[in-house]
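**Student:** got a sequence here, can you build the structure:
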Amino acid sequence: MKLTRTILLFPIAALAMASCSDSATNVDPSGKAMTAKLNGSALNLTSVSSGWNTKAMFVTGSTDLFPPRQTIGIDLDSIGSTGTFQLGGINSVGSGEYRSASDSVYTTGVNATGTVTVTSFTDTHATGTFRFTAKRASNPNDSVVVSEGTFDVDIKI
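**Tutor:** Numbering: from 1, shown residues only. Below you'll find the model as predicted:
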């Protein structure tokens, strides 16, 4: 009986230890990585996607918790090199978005802003940092702060 309990508890303990990583970088199985804090707390973004289409780049990271599932995304239009780009506001070249576990959508629009700094950009790979404040579409008085964001993703130009 004692052996049976040990056998049953080992996989549960191993899963719990694997879930408690102190690693600052979350890498999904494709090798893409994205990290960020939401209102000062780290999000475990384990599913990352990215793409490129005619000078437009997107990077999206999601938690894999069921429930909840949270998503952070950044979109940049008309880029082709490294630099710092504005999210939201009148002169924006992109947008930032946070989707909460309850499916509330927060975006950088005219009244919420942030920046993305692309530090490396090639035909196949992009890295950078980002931060933004986003407001909920249905209640502009409700906002979130996404900070200390990083991405390291493959793209194909």
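**Student:** model confidence for residue 30, exactly?
**Tutor:** You'll see residue 30 listed with a pLDDT of 58.
**Student:** now residue 63
**Tutor:** Reading off the model, residue 63 has pLDDT 90.
**Student:** residue 72 is in contact with that one, correct?
**Tutor:** No: assessed by CB atoms under 8 Å, residue 63 is found out of contact with residue 72, at 9.3 Å. (C-beta placed from N, C-alpha, C; glycine too.)
**Student:** which stretches of the protein aren't confidently modelled?
**Tutor:** 1-31, 65-67, 157 (pLDDT under 70).
**Student:** quick one, strands of it?
**Tutor:** 33-38, 41-43, 47-53, 56-62, 71-76, 83-87, 94-99, 105-107, 114-121, 125-136, 139-154 (DSSP state E).
**Student:** would you turn these into JSON lines with mean neighbour count?
**Tutor:** As requested, these are exported to JSON lines (neighbours: other CB atoms under 10 Å):
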{"stretch": "strand 33-38", "mean neighbour count": "21"}
{"stretch": "strand 41-43", "mean neighbour count": "13"}
{"stretch": "strand 47-53", "mean neighbour count": "17"}
{"stretch": "strand 56-62", "mean neighbour count": "22"}
{"stretch": "strand 71-76", "mean neighbour count": "22"}
{"stretch": "strand 83-87", "mean neighbour count": "18"}
{"stretch": "strand 94-99", "mean neighbour count": "23"}
{"stretch": "strand 105-107", "mean neighbour count": "19"}
{"stretch": "strand 114-121", "mean neighbour count": "18"}
{"stretch": "strand 125-136", "mean neighbour count": "21"}
{"stretch": "strand 139-154", "mean neighbour count": "17"}
